[in-house]
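**Q** have a look at this fold, sequence not included:
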């Protein structure tokens, strides 16, 4: 059961829309795993998730085009356009 939860936690962030969201999700998931393994407790996993999430969001944000935003239309589709 733990392996299934771990697999879902590592794969789920890939479904995010923007590079910032994907980076934050992947960073938080991998940081939680690394922090939990390194310390052997939940507190280490929580700290690892927080640090990994922030670092991943910063890296993901640097990969996005400047001046463009991601919008959703009323049907749930995403598209990029100049920020308003």
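**A** In hand now; what should we look at? These figures come from a predicted structure and were not determined experimentally.

**Q** state the distance from the residue nearest the centre of the chain to residue 84.
**A** Nearest residue to the geometric centre of the chain (CA atoms, centre = their mean): residue 25, 1.5 Å. For residue 25, the distance to residue 84 equals 26 Å [CB to CB, to the nearest Å]. For the C-beta atoms, the positions are set from N, CA and C on the backbone; glycine is no exception.

**Q** tell me the SS of the residue nearest to the centre of the chain?
**A** helix (DSSP: H, G, I helix; E, B strand; the rest coil).

**Q** change the start of the numbering to 43 and stick with it
**A** Happy to do that; since the first residue is 43 now, the last one works out to residue 67.

**Q** confirm for me that it is in contact with residue 98.
**A** Yes - here residue 67 reaches residue 98: they are 7.1 Å apart, a contact under CB atoms under 8 Å.

**Q** give me the nearest residue to the residue in the chain sticking out farthest from the centre, chain neighbours excluded.
**A** In the chain, counting by CA atoms, centre = their mean, residue 126 sits farthest out from the average C-alpha position, at 25.0 Å. Leaving aside its chain neighbours, residue 126 sits nearest to residue 111 (7.5 Å; criterion: CB to CB, 6 or more residues apart in numbering).
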